[in-house]
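Q: pasting the structure only:
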Ligand code: FES
Ligand SMILES: [Fe+2]
């Protein structure tokens, strides 16, 4: 049965149709209206420091090569040969001076320029190689080392797109003198869920913590969220949840990293390092942001960041009912190797493919997709109305602010989502 996008999400976005999650026609609109038009996270500059360094990435289902050129510029090209479409880059990351397609050996440099066609010596009319390079991602920009690409040539600058989300991301990034680095290749796995639910979860759903994660999240941690927690929407579709700890909080209870660091994993050396970082946090990010103890962050449409375990994640859609997760461990660039190793372990044990929190979340997300597909329940959309209208401005922090139980982060996401799909819906 055909649908209108406005029937999937009501104006207040307090009711979301099950079809918004499960209908293949909705997914096709998402590709064009969202993934074809937004800024999408590709990689971090620390992964491609030297000329010839490259990593693979995706923009929705489109494979991308992100490479550092000889000019030190960053180039993003679609990983599909102009001859018959095979992927020309065959490994996840590395360093090279070019890519050779395995089918007929057309060769490209790391910027995507076509260098050679072996067969052209045997034909009379030589093709114009300047027109036959890999398709370029037309817009590539970076913020704080994070590389984004967009297929929309006329999109606003990345900094404007991130807007006030930079204030909250910077509360983490800017506290390290040398910035952060992404460690190695991402961990990748596929689950039978819709890409929007992991995203919604990390825009602001800390409400499931005391229940779904009851086995590992202690009651004191939940109480801290009730007492000091904020949910912020710096711009529709972005989101940040965190605790703003009182000024006299002992350093161990506010410093980044401590709660992710069960004492069996982090020894005295790690504790000392975290203490030192925090002692200088106010200088680096200001007194207010040094009291931010982050939980989950999300950047529209599909990038998220879990502060306590320093996991950066992208939800790559693979159809309405599949998502390929890419998850990177993020560490302070100037931390000693031994500390980076502990932080990596923390990332993986909580939010790797077998991570304890990841396992619990994944199961819930897969069950939600099944719930979005059942018959005879289309007249019962999902309820997104908790805390409606209870958000408002804050004197010291940008965006709309509320308690963490308010689902306005999800309503704002779906209002932006609806507008994006309506823009490409046939009249
Ligand atoms: S498909 Fe790549 S060279 Fe023919
Ligand atoms: Fe969770």
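A: That came through fine. The model shown is predicted, which means the values in this text are computed figures rather than measured ones. Residues are numbered from 1 along each chain as shown. Ligands and ions are numbered 1, 2, ... in the order given.
Q: what's the spatially most central residue of the chain in contact with, if anything?
A: Against the mean C-alpha coordinate of the chain, by CA atoms, centre = their mean, the closest residue is residue 303 at 1.4 Å. Residue 303 is in contact with 40, 41, 312, 313, 314, counting by CB atoms under 8 Å, 6 or more residues apart in numbering. Where C-beta positions appear, they are placed from N, C-alpha and C, glycine not excepted.
Q: so how far is residue 202 from it?
A: The gap separating residue 303 from residue 202 is 9 Å, by CB to CB, to the nearest Å.
Q: Any chance you could list residues touching both of the two?
A: residue 313.
Q: What's opposite the residue nearest to the centre of the chain in the beta bridge?
A: Taking DSSP bridges, one obtains residue 299, residue 314 as the residues bridged to residue 303.
Q: Residue 51 versus that one, what's the distance?
A: 27 Å.
Q: And for residue 414?
A: In terms of CB to CB, residue 414 sits 43 Å off from residue 51.
Q: So between those two, which is more surrounded?
A: residue 414 (23 against 15; other CB atoms under 10 Å).
Q: what's that one in contact with, if anything?
A: 9, 13, 16, 20, 384.
Q: quick check: domain ranges of this structure?
A: Domain ranges of the chain: 40-142, 163-422, per automatic domain parsing.
Q: Nearest to residue 5 among these would be which one?
A: domain 163-422 (4.5 Å; CB to CB).
Q: Find out how far the closest one is from the centre of the chain, if you would.
A: 10 Å (CA atoms, centre = their mean, to the nearest Å).
Q: How about stretch 107-117?
A: On CA atoms, centre = their mean, the centre of stretch 107-117 falls 30 Å from the chain's centre.
Q: For the remainder of this discussion, apply numbering that starts at 371.
A: Okay, residue one is now 371; in that scheme the one you just asked about reads as stretch 477-487.
Q: Span of it from start to end?
A: Length of stretch 477-487, first residue to last, CA to CA, to the nearest Å: 7 Å.
Q: name the element residue 428 belongs to?
A: Assigned by DSSP states H and E, residue 428 belongs to strand 423-429.
Q: Give the partner strands of that strand in its sheet and their orientations.
A: By DSSP bridges, strand 423-429 pairs with strand 432-438 (antiparallel), strand 463-465 (antiparallel).
Q: out of those strands, deepest packed?
A: strand 432-438 (a mean of 22; mean count of other CB atoms under 10 Å).
Q: packing partners for the following helix or strand past that one?
A: Proceeding C-terminally, strand 432-438 gives way to strand 444-448 as the next helix or strand, assigned by DSSP H and E. Secondary-structure packing of strand 444-448 (3 or more CB pairs under 8 Å, 6 or more residues apart in numbering; DSSP states H and E): strand 432-438, strand 509-513, strand 516-520.
Q: Those into TSV, with extra columns for distance to ligand 1 and mean pLDDT?
A: Converted to TSV, those look like this (distance: least, CB to the nearest ligand atom, whole Å; pLDDT from 0 to 100):
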stretch	distance to ligand 1	mean pLDDT
strand 432-438	14	98
strand 509-513	24	98
strand 516-520	23	98
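Q: any chance of those strands in JSON lines, with distance to residue 690 too?
A: What follows is the helices and strands packed on strand 444-448, written out as JSON lines (distance: least, CB to CB, whole Å):
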{"stretch": "strand 432-438", "distance to residue 690": "17"}
{"stretch": "strand 509-513", "distance to residue 690": "27"}
{"stretch": "strand 516-520", "distance to residue 690": "23"}
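Q: For the protein, what lies in contact range of ligand 1?
A: Counting by CB under 6 Å from any ligand atom, the chain comes close to ligand 1 at 451, 453, 454, 456, 471, 473, 474, 476.
Q: Contact partners for the closest residue to residue 577 other than its chain neighbours?
A: In space, and not counting its chain neighbours, residue 577 is closest to residue 775: 5.8 Å by CB to CB, 6 or more residues apart in numbering. By CB under 8 Å, 6+ apart, residue 775 lies in contact with 577, 756, 757.
Q: Distance of residue 671 relative to ligand 1?
A: 31 Å (CB to the nearest ligand atom, to the nearest Å).
Q: What segments of this structure are helices?
A: 389-392, 394-400, 528-532, 535-543, 566-574, 579-582, 589-598, 621-624, 638-649, 651-655, 657-660, 707-721, 726-741, 778-792 (DSSP state H).
Q: Most tightly packed of those helices?
A: Among the helices of the chain, highest average neighbours (mean count of other CB under 10 Å) belong to helix 566-574, with a mean of 25.
Q: ok, residues contacting that one?
A: By CB under 8 Å, 6+ apart, the list of residues contacting helix 566-574 from outside reads 390-391, 578, 601, 603, 607-611, 666-668, 671-672, 674-676, 683, 685, 693, 695, 731, 735, 738-739, 774, 777, 779-780, 783, 787.
Q: residue contacts, the residue lying closest to residue 461 once chain neighbours are set aside?
A: Nearest residue to residue 461, sequence neighbours excluded (CB to CB, 6+ apart): residue 426, at 7.8 Å. Applying CB under 8 Å, 6+ apart to residue 426 gives the contacts 433, 434, 435, 436, 449, 459, 461, 462, 463.
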